[in-house]
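**Student:** Below is the sequence, then the predicted model.
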Amino acid sequence: MLDMTTQHKARALLAPSSRGDVPPFMVMDVMAAAARIEAGGGHVVHMEVGQPASPAPQAALAAARGALDSGRIDYTSALGIPSLRQRIARHYQTTYGCPIDPERIVVTTGSSGGFILAFLSMFEPGDRVAVTVPGYPPYRHILTALGCEPVLIETTSETRHALTGEMLLAAHRKAPLKGVLVASPANPTGTMMTREALSELMAVADSENIRFISDEIYHGLDYAFPAVTAAELSPNALIINSFSKYFCMTGWRVGWMVVPEALVRPIERLQQNLAISVPTLSQVAAEAAFDGCAEMDVIKHGYQNNRRILIEGLPKAGLDTFLPADGAFYLYADVSKFTDNSLDFARDMLERAHVAATPGIDFDPVHGRSFIRFSYASSTPDTVEAVARITRWLANG
(Lines give C-alpha, C1' and ligand atoms only; values in the text may rest on other atoms or scores of the structure.)
Protein backbone atom coordinates (compact mmCIF):
# COMPACT_ATOMS: atom_id res chain seq x y z
CA MET A 1 0.00 0.00 0.00
CA LEU A 2 1.21 3.50 -0.84
CA ASP A 3 2.08 5.65 2.18
CA MET A 4 0.38 9.04 2.53
CA THR A 5 3.34 11.00 1.16
CA THR A 6 3.47 8.85 -1.96
CA GLN A 7 -0.30 9.14 -2.43
CA HIS A 8 -0.07 12.91 -2.12
CA LYS A 9 2.69 13.02 -4.73
CA ALA A 10 0.68 10.77 -7.05
CA ARG A 11 -2.37 13.02 -6.77
CA ALA A 12 -0.23 16.06 -7.53
CA LEU A 13 1.25 14.37 -10.59
CA LEU A 14 -2.19 13.45 -11.90
CA ALA A 15 -3.91 16.78 -11.18
CA PRO A 16 -5.31 18.24 -14.43
CA SER A 17 -4.22 21.65 -15.65
CA SER A 18 -6.59 24.60 -15.39
CA ARG A 19 -6.91 24.53 -19.20
CA GLY A 20 -9.14 21.48 -18.89
CA ASP A 21 -11.42 23.18 -16.39
CA VAL A 22 -14.06 24.16 -18.93
CA PRO A 23 -17.77 23.33 -18.82
CA PRO A 24 -18.94 20.26 -20.72
CA PHE A 25 -20.58 20.65 -24.11
CA MET A 26 -23.99 19.77 -22.71
CA VAL A 27 -25.45 18.44 -25.94
CA MET A 28 -23.02 15.53 -25.67
CA ASP A 29 -24.32 14.78 -22.18
CA VAL A 30 -27.89 14.78 -23.49
CA MET A 31 -26.85 12.34 -26.23
CA ALA A 32 -25.35 10.04 -23.59
CA ALA A 33 -28.55 10.13 -21.51
CA ALA A 34 -30.62 9.35 -24.61
CA ALA A 35 -28.32 6.43 -25.42
CA ARG A 36 -28.97 4.93 -21.98
CA ILE A 37 -32.73 5.02 -22.64
CA GLU A 38 -32.22 3.39 -26.03
CA ALA A 39 -30.00 0.71 -24.49
CA GLY A 40 -32.97 -0.17 -22.28
CA GLY A 41 -35.24 -0.58 -25.28
CA GLY A 42 -36.77 2.90 -25.47
CA HIS A 43 -37.21 4.86 -28.70
CA VAL A 44 -35.87 8.39 -28.46
CA VAL A 45 -36.54 11.10 -31.03
CA HIS A 46 -33.23 12.92 -31.35
CA MET A 47 -33.51 16.70 -31.59
CA GLU A 48 -30.54 17.49 -29.37
CA VAL A 49 -27.61 17.39 -31.77
CA GLY A 50 -27.00 19.34 -34.95
CA GLN A 51 -26.40 16.26 -37.03
CA PRO A 52 -28.16 15.58 -40.34
CA ALA A 53 -30.06 12.31 -40.50
CA SER A 54 -28.97 11.87 -44.13
CA PRO A 55 -25.63 10.41 -45.27
CA ALA A 56 -22.87 12.17 -47.16
CA PRO A 57 -23.39 12.78 -50.90
CA GLN A 58 -23.13 9.64 -53.02
CA ALA A 59 -20.26 11.20 -54.97
CA ALA A 60 -18.32 11.64 -51.72
CA LEU A 61 -18.93 8.03 -50.68
CA ALA A 62 -17.86 6.76 -54.10
CA ALA A 63 -14.68 8.84 -54.02
CA ALA A 64 -13.82 7.49 -50.57
CA ARG A 65 -14.33 3.91 -51.73
CA GLY A 66 -12.11 4.54 -54.72
CA ALA A 67 -9.40 5.99 -52.49
CA LEU A 68 -9.55 2.93 -50.23
CA ASP A 69 -9.30 0.63 -53.23
CA SER A 70 -6.05 2.36 -54.22
CA GLY A 71 -4.43 0.82 -51.15
CA ARG A 72 -2.50 3.83 -49.81
CA ILE A 73 -3.80 6.67 -47.68
CA ASP A 74 -0.84 8.96 -47.09
CA TYR A 75 -0.23 12.30 -45.42
CA THR A 76 -1.16 15.38 -47.44
CA SER A 77 0.13 18.93 -47.35
CA ALA A 78 -0.58 20.56 -43.99
CA LEU A 79 -2.79 23.10 -45.76
CA GLY A 80 -4.75 20.40 -47.57
CA ILE A 81 -4.84 18.58 -50.90
CA PRO A 82 -4.21 21.28 -53.57
CA SER A 83 -7.13 20.17 -55.75
CA LEU A 84 -9.51 20.40 -52.76
CA ARG A 85 -8.28 23.90 -51.94
CA GLN A 86 -8.82 24.89 -55.56
CA ARG A 87 -12.32 23.39 -55.53
CA ILE A 88 -13.23 25.30 -52.38
CA ALA A 89 -11.96 28.53 -53.95
CA ARG A 90 -14.10 27.81 -57.02
CA HIS A 91 -17.11 27.36 -54.71
CA TYR A 92 -16.74 30.98 -53.58
CA GLN A 93 -16.71 32.18 -57.19
CA THR A 94 -19.73 30.17 -58.29
CA THR A 95 -21.82 30.59 -55.11
CA TYR A 96 -21.04 34.16 -54.08
CA GLY A 97 -19.33 35.68 -57.13
CA CYS A 98 -16.32 36.17 -54.87
CA PRO A 99 -12.85 35.33 -56.25
CA ILE A 100 -10.59 33.71 -53.63
CA ASP A 101 -6.94 32.73 -54.11
CA PRO A 102 -6.68 28.97 -53.37
CA GLU A 103 -3.49 29.80 -51.44
CA ARG A 104 -5.73 31.41 -48.79
CA ILE A 105 -7.71 28.19 -48.26
CA VAL A 106 -6.74 25.97 -45.32
CA VAL A 107 -8.36 22.53 -44.89
CA THR A 108 -9.10 21.74 -41.23
CA THR A 109 -10.31 18.90 -39.02
CA GLY A 110 -13.88 20.14 -39.06
CA SER A 111 -14.78 23.63 -37.98
CA SER A 112 -13.51 22.74 -34.48
CA GLY A 113 -9.95 22.44 -35.80
CA GLY A 114 -10.50 25.73 -37.58
CA PHE A 115 -11.45 27.54 -34.38
CA ILE A 116 -8.33 26.27 -32.61
CA LEU A 117 -6.04 27.31 -35.47
CA ALA A 118 -7.77 30.68 -35.78
CA PHE A 119 -7.57 31.50 -32.08
CA LEU A 120 -3.94 30.36 -31.80
CA SER A 121 -2.86 32.38 -34.83
CA MET A 122 -4.81 35.56 -34.05
CA PHE A 123 -4.74 35.97 -30.26
CA GLU A 124 -2.37 35.95 -27.32
CA PRO A 125 -3.21 34.59 -23.85
CA GLY A 126 -5.27 37.20 -22.05
CA ASP A 127 -6.74 38.73 -25.20
CA ARG A 128 -10.43 39.57 -24.97
CA VAL A 129 -12.60 38.14 -27.77
CA ALA A 130 -16.29 39.00 -28.14
CA VAL A 131 -18.89 36.30 -28.75
CA THR A 132 -22.66 36.58 -28.60
CA VAL A 133 -25.08 34.85 -26.28
CA PRO A 134 -26.99 32.79 -27.01
CA GLY A 135 -24.22 31.17 -29.01
CA TYR A 136 -22.29 27.98 -29.72
CA PRO A 137 -20.69 26.92 -26.37
CA PRO A 138 -17.27 25.74 -27.65
CA TYR A 139 -16.49 29.28 -28.85
CA ARG A 140 -16.04 30.43 -25.28
CA HIS A 141 -14.80 27.08 -23.98
CA ILE A 142 -11.96 26.84 -26.54
CA LEU A 143 -11.01 30.47 -25.97
CA THR A 144 -10.87 29.82 -22.23
CA ALA A 145 -8.77 26.67 -22.65
CA LEU A 146 -6.30 28.67 -24.76
CA GLY A 147 -5.97 31.37 -22.11
CA CYS A 148 -8.09 34.01 -23.82
CA GLU A 149 -11.04 35.80 -22.26
CA PRO A 150 -14.40 35.33 -23.99
CA VAL A 151 -16.49 38.48 -23.66
CA LEU A 152 -20.18 37.63 -23.76
CA ILE A 153 -22.39 40.18 -25.51
CA GLU A 154 -26.07 39.58 -24.90
CA THR A 155 -28.28 39.87 -27.97
CA THR A 156 -31.94 40.80 -27.90
CA SER A 157 -35.09 40.54 -29.98
CA GLU A 158 -34.68 44.21 -30.96
CA THR A 159 -31.75 43.20 -33.19
CA ARG A 160 -33.22 39.79 -34.04
CA HIS A 161 -30.50 38.31 -31.78
CA ALA A 162 -27.70 39.48 -34.05
CA LEU A 163 -24.68 41.53 -32.98
CA THR A 164 -24.57 45.16 -34.10
CA GLY A 165 -21.69 47.59 -34.46
CA GLU A 166 -23.10 49.70 -31.64
CA MET A 167 -23.13 46.71 -29.28
CA LEU A 168 -19.57 45.80 -30.28
CA LEU A 169 -18.36 49.36 -29.68
CA ALA A 170 -20.00 49.48 -26.25
CA ALA A 171 -18.17 46.31 -25.18
CA HIS A 172 -14.91 47.59 -26.67
CA ARG A 173 -15.14 50.88 -24.76
CA LYS A 174 -15.54 49.06 -21.45
CA ALA A 175 -12.26 47.24 -22.06
CA PRO A 176 -10.46 46.83 -25.40
CA LEU A 177 -11.31 43.80 -27.51
CA LYS A 178 -8.80 42.00 -29.70
CA GLY A 179 -11.33 40.04 -31.72
CA VAL A 180 -14.97 39.22 -32.39
CA LEU A 181 -16.63 36.05 -33.68
CA VAL A 182 -20.06 35.97 -35.28
CA ALA A 183 -22.12 33.28 -36.98
CA SER A 184 -24.75 33.65 -39.68
CA PRO A 185 -26.83 31.51 -39.78
CA ALA A 186 -26.36 31.24 -36.03
CA ASN A 187 -26.54 28.36 -33.60
CA PRO A 188 -28.84 28.03 -31.61
CA THR A 189 -31.10 30.80 -32.88
CA GLY A 190 -31.08 30.29 -36.65
CA THR A 191 -30.73 34.08 -37.02
CA MET A 192 -29.09 35.40 -40.18
CA MET A 193 -27.45 38.76 -40.80
CA THR A 194 -28.28 40.80 -43.90
CA ARG A 195 -25.48 42.10 -46.10
CA GLU A 196 -26.03 45.58 -44.69
CA ALA A 197 -25.90 44.43 -41.06
CA LEU A 198 -22.78 42.32 -41.61
CA SER A 199 -21.06 45.12 -43.53
CA GLU A 200 -21.80 47.64 -40.77
CA LEU A 201 -20.51 45.31 -38.06
CA MET A 202 -17.34 44.51 -39.98
CA ALA A 203 -16.70 48.19 -40.68
CA VAL A 204 -16.88 48.96 -36.96
CA ALA A 205 -14.54 46.07 -36.14
CA ASP A 206 -12.08 47.22 -38.79
CA SER A 207 -12.14 50.83 -37.59
CA GLU A 208 -11.27 49.69 -34.04
CA ASN A 209 -8.64 47.13 -35.13
CA ILE A 210 -10.80 44.28 -33.82
CA ARG A 211 -10.00 41.07 -35.68
CA PHE A 212 -13.07 39.49 -37.30
CA ILE A 213 -13.94 35.78 -37.46
CA SER A 214 -17.03 34.64 -39.36
CA ASP A 215 -18.48 31.20 -38.62
CA GLU A 216 -20.27 30.16 -41.81
CA ILE A 217 -20.75 26.43 -41.22
CA TYR A 218 -24.50 26.66 -41.86
CA HIS A 219 -24.14 28.37 -45.22
CA GLY A 220 -26.25 26.58 -47.78
CA LEU A 221 -28.98 26.12 -45.16
CA ASP A 222 -30.63 29.51 -45.59
CA TYR A 223 -34.39 29.97 -45.90
CA ALA A 224 -35.23 33.65 -45.32
CA PHE A 225 -32.67 35.08 -47.78
CA PRO A 226 -29.30 34.06 -49.26
CA ALA A 227 -26.41 33.97 -46.79
CA VAL A 228 -23.59 36.48 -47.26
CA THR A 229 -19.98 35.47 -46.77
CA ALA A 230 -17.63 37.84 -44.95
CA ALA A 231 -15.06 36.97 -47.63
CA GLU A 232 -17.01 39.24 -49.99
CA LEU A 233 -16.68 42.19 -47.66
CA SER A 234 -13.08 42.18 -46.44
CA PRO A 235 -9.79 40.37 -47.17
CA ASN A 236 -8.94 40.77 -43.47
CA ALA A 237 -11.77 38.58 -42.16
CA LEU A 238 -11.10 34.97 -41.29
CA ILE A 239 -13.88 32.63 -42.43
CA ILE A 240 -14.54 29.17 -40.97
CA ASN A 241 -16.73 26.62 -42.74
CA SER A 242 -17.29 22.88 -42.70
CA PHE A 243 -18.59 19.97 -44.72
CA SER A 244 -20.51 18.76 -41.64
CA LYS A 245 -23.86 20.51 -42.00
CA TYR A 246 -24.94 21.23 -45.59
CA PHE A 247 -22.97 18.26 -46.93
CA CYS A 248 -24.07 15.90 -44.10
CA MET A 249 -20.48 14.88 -43.27
CA THR A 250 -20.28 15.37 -39.49
CA GLY A 251 -18.18 12.30 -38.67
CA TRP A 252 -15.75 12.85 -41.53
CA ARG A 253 -14.30 15.77 -39.56
CA VAL A 254 -13.30 18.00 -42.44
CA GLY A 255 -13.76 21.73 -42.84
CA TRP A 256 -11.91 24.75 -44.18
CA MET A 257 -10.88 28.32 -43.53
CA VAL A 258 -10.41 31.34 -45.76
CA VAL A 259 -7.60 33.23 -44.06
CA PRO A 260 -5.94 36.62 -44.54
CA GLU A 261 -2.78 36.24 -46.58
CA ALA A 262 -0.52 37.18 -43.65
CA LEU A 263 -1.85 34.28 -41.57
CA VAL A 264 -1.36 31.48 -44.12
CA ARG A 265 2.18 30.55 -43.12
CA PRO A 266 1.63 30.84 -39.33
CA ILE A 267 -1.45 28.61 -39.61
CA GLU A 268 0.48 26.17 -41.80
CA ARG A 269 3.17 25.89 -39.11
CA LEU A 270 0.55 25.31 -36.42
CA GLN A 271 -1.20 22.65 -38.51
CA GLN A 272 2.11 20.89 -39.21
CA ASN A 273 2.75 20.55 -35.50
CA LEU A 274 -0.76 19.95 -34.19
CA ALA A 275 -2.13 17.54 -36.79
CA ILE A 276 0.43 17.10 -39.62
CA SER A 277 -2.54 17.04 -41.99
CA VAL A 278 -6.27 16.48 -42.13
CA PRO A 279 -7.32 12.83 -42.74
CA THR A 280 -6.71 12.14 -46.42
CA LEU A 281 -9.80 9.99 -46.96
CA SER A 282 -12.02 12.79 -45.67
CA GLN A 283 -10.35 15.31 -47.97
CA VAL A 284 -10.89 13.09 -51.00
CA ALA A 285 -14.56 12.68 -50.10
CA ALA A 286 -14.94 16.41 -49.43
CA GLU A 287 -13.70 17.39 -52.87
CA ALA A 288 -16.21 15.06 -54.49
CA ALA A 289 -19.01 16.32 -52.21
CA PHE A 290 -19.32 19.48 -54.30
CA ASP A 291 -20.70 17.28 -57.09
CA GLY A 292 -23.59 16.34 -54.78
CA CYS A 293 -25.16 19.76 -54.31
CA ALA A 294 -28.39 18.83 -56.10
CA GLU A 295 -28.72 15.85 -53.76
CA MET A 296 -28.05 18.07 -50.74
CA ASP A 297 -30.61 20.65 -51.85
CA VAL A 298 -33.31 17.96 -51.71
CA ILE A 299 -32.27 17.30 -48.11
CA LYS A 300 -32.40 21.04 -47.41
CA HIS A 301 -36.02 21.08 -48.59
CA GLY A 302 -36.68 18.37 -46.01
CA TYR A 303 -35.30 20.65 -43.30
CA GLN A 304 -37.60 23.41 -44.50
CA ASN A 305 -40.55 21.06 -44.15
CA ASN A 306 -39.44 20.03 -40.65
CA ARG A 307 -39.09 23.72 -39.76
CA ARG A 308 -42.68 24.31 -40.89
CA ILE A 309 -43.92 21.34 -38.83
CA LEU A 310 -42.30 22.75 -35.68
CA ILE A 311 -43.38 26.35 -36.27
CA GLU A 312 -46.98 25.22 -36.83
CA GLY A 313 -47.07 22.37 -34.30
CA LEU A 314 -45.22 23.57 -31.21
CA PRO A 315 -47.52 26.57 -30.56
CA LYS A 316 -50.43 24.12 -30.30
CA ALA A 317 -48.48 22.41 -27.53
CA GLY A 318 -47.97 25.72 -25.75
CA LEU A 319 -44.47 26.52 -27.04
CA ASP A 320 -45.53 29.58 -29.02
CA THR A 321 -42.47 31.84 -28.68
CA PHE A 322 -39.22 31.17 -30.49
CA LEU A 323 -36.38 33.10 -32.06
CA PRO A 324 -36.07 33.74 -35.82
CA ALA A 325 -35.32 30.51 -37.69
CA ASP A 326 -33.89 32.12 -40.82
CA GLY A 327 -31.37 29.35 -41.46
CA ALA A 328 -29.43 26.35 -40.06
CA PHE A 329 -31.73 23.67 -38.61
CA TYR A 330 -32.56 24.87 -35.11
CA LEU A 331 -35.55 26.30 -33.31
CA TYR A 332 -34.73 28.09 -30.04
CA ALA A 333 -37.97 28.01 -28.06
CA ASP A 334 -38.98 29.98 -24.98
CA VAL A 335 -40.20 27.55 -22.27
CA SER A 336 -40.53 30.12 -19.47
CA LYS A 337 -44.30 29.58 -19.15
CA PHE A 338 -43.53 26.00 -18.09
CA THR A 339 -40.25 26.29 -16.16
CA ASP A 340 -37.41 28.47 -14.95
CA ASN A 341 -34.96 25.59 -15.32
CA SER A 342 -34.39 24.43 -18.89
CA LEU A 343 -32.05 21.67 -17.72
CA ASP A 344 -34.82 20.05 -15.66
CA PHE A 345 -37.29 20.63 -18.51
CA ALA A 346 -34.98 18.84 -20.97
CA ARG A 347 -34.43 15.96 -18.53
CA ASP A 348 -38.17 15.53 -17.95
CA MET A 349 -38.93 15.70 -21.66
CA LEU A 350 -36.34 13.03 -22.34
CA GLU A 351 -37.46 10.74 -19.51
CA ARG A 352 -41.21 11.12 -19.98
CA ALA A 353 -41.67 11.95 -23.66
CA HIS A 354 -38.47 10.36 -25.01
CA VAL A 355 -37.68 13.51 -26.96
CA ALA A 356 -34.08 14.68 -26.64
CA ALA A 357 -33.37 18.42 -26.92
CA THR A 358 -30.69 20.71 -25.52
CA PRO A 359 -31.26 23.08 -22.59
CA GLY A 360 -30.61 26.72 -23.32
CA ILE A 361 -28.09 27.08 -20.50
CA ASP A 362 -25.62 25.33 -22.80
CA PHE A 363 -25.82 28.31 -25.15
CA ASP A 364 -26.57 31.18 -22.81
CA PRO A 365 -25.48 31.37 -19.16
CA VAL A 366 -27.50 34.59 -18.82
CA HIS A 367 -31.03 33.73 -19.95
CA GLY A 368 -30.68 30.13 -21.12
CA ARG A 369 -32.73 28.74 -18.24
CA SER A 370 -35.80 29.89 -20.19
CA PHE A 371 -34.98 28.27 -23.54
CA ILE A 372 -34.69 24.87 -25.25
CA ARG A 373 -33.00 24.22 -28.59
CA PHE A 374 -34.67 21.78 -30.96
CA SER A 375 -32.72 20.49 -33.96
CA TYR A 376 -34.88 19.73 -36.99
CA ALA A 377 -32.12 17.94 -38.91
CA SER A 378 -33.84 14.59 -38.29
CA SER A 379 -36.33 12.88 -40.59
CA THR A 380 -39.80 14.32 -41.21
CA PRO A 381 -41.57 11.35 -39.54
CA ASP A 382 -39.42 11.87 -36.43
CA THR A 383 -40.25 15.58 -36.42
CA VAL A 384 -43.99 14.83 -36.60
CA GLU A 385 -43.62 12.25 -33.82
CA ALA A 386 -41.66 14.69 -31.64
CA VAL A 387 -44.42 17.31 -31.85
CA ALA A 388 -47.03 14.69 -30.95
CA ARG A 389 -45.02 13.44 -27.97
CA ILE A 390 -44.31 16.93 -26.66
CA THR A 391 -47.98 17.89 -27.02
CA ARG A 392 -49.13 14.85 -25.03
CA TRP A 393 -46.47 15.34 -22.35
CA LEU A 394 -47.22 19.03 -21.76
CA ALA A 395 -50.98 18.43 -21.84
CA ASN A 396 -50.67 15.80 -19.12
CA GLY A 397 -48.52 18.02 -16.93
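**Tutor:** Done, it's in. Numbers count the residues shown, from 1 in each chain.

**Student:** what are the ranges of the helices in the stretch 51-200 of the chain?
**Tutor:** 58-69, 82-96, 110-122, 137-145, 165-174, 195-207 (DSSP state H, counting those that start in this stretch).

**Student:** oh sorry, the question was meant for the stretch 251-397 of the chain
**Tutor:** Remark: helices assigned in the stretch 251-397 of the chain by DSSP H, counting those that start in this stretch are 264-274, 280-289, 293-317, 342-348, 380-395.

**Student:** and those as a markdown table, adding mean pLDDT, mean neighbour count and distance to Ala175?
**Tutor:** In this view, the C-beta of every residue, glycine as well, is placed from N, C-alpha and C. Shown next, in a markdown table, are these (pLDDT from 0 to 100; neighbours: other C-beta atoms under 10 Å; distance: least, C-beta to C-beta, whole Å):
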| stretch | mean pLDDT | mean neighbour count | distance to Ala175 |
| --- | --- | --- | --- |
| helix 264-274 | 98 | 16 | 26 |
| helix 280-289 | 98 | 24 | 40 |
| helix 293-317 | 96 | 16 | 39 |
| helix 342-348 | 93 | 19 | 30 |
| helix 380-395 | 96 | 18 | 43 |
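
**Student:** Out of these, the one nearest Arg72 is which?
**Tutor:** Relative to Arg72, the nearest member of the helices of the stretch 251-397 of the chain by C-beta to C-beta is helix 280-289, separated by 9.1 Å.

**Student:** residues in contact with that closest one?
**Tutor:** 56-57, 59-64, 66-68, 73-76, 80-81, 83-84, 87, 107, 243, 247, 249, 252-254 (C-beta atoms under 8 Å, 6 or more residues apart in numbering).

**Student:** And for the closest residue to Glu149 other than its chain neighbours, the neighbour number?
**Tutor:** In this structure, Glu149 finds its nearest non-sequential neighbour in Arg128, 4.7 Å apart by C-beta to C-beta, 6 or more residues apart in numbering. Other residues lying near Arg128 total 20 when counted by other C-beta atoms under 10 Å.

**Student:** need the contact list for the closest residue to Met167 other than its chain neighbours.
**Tutor:** In this structure, Met167 finds its nearest non-sequential neighbour in Ile153, 5.6 Å apart by C-beta to C-beta, 6+ apart. Ile153 makes contact with 130-133, 163, 167-168, 171, according to C-beta under 8 Å, 6+ apart.

**Student:** ok, those vs Tyr303, which is closest?
**Tutor:** Using C-beta to C-beta, Thr132 comes nearest to Tyr303 of those, at 23.0 Å.

**Student:** neighbours around the closest one, how many?
**Tutor:** So Thr132, with other C-beta under 10 Å, has 27 neighbours.

**Student:** Also Tyr136?
**Tutor:** By the measure other C-beta under 10 Å, the count of residues near Tyr136 is 23.

**Student:** How about residues contacting stretch 331-343?
**Tutor:** 134, 188-190, 307, 310-311, 314, 318-319, 321-323, 325, 345, 359-361, 363, 368-374, 376, 394.
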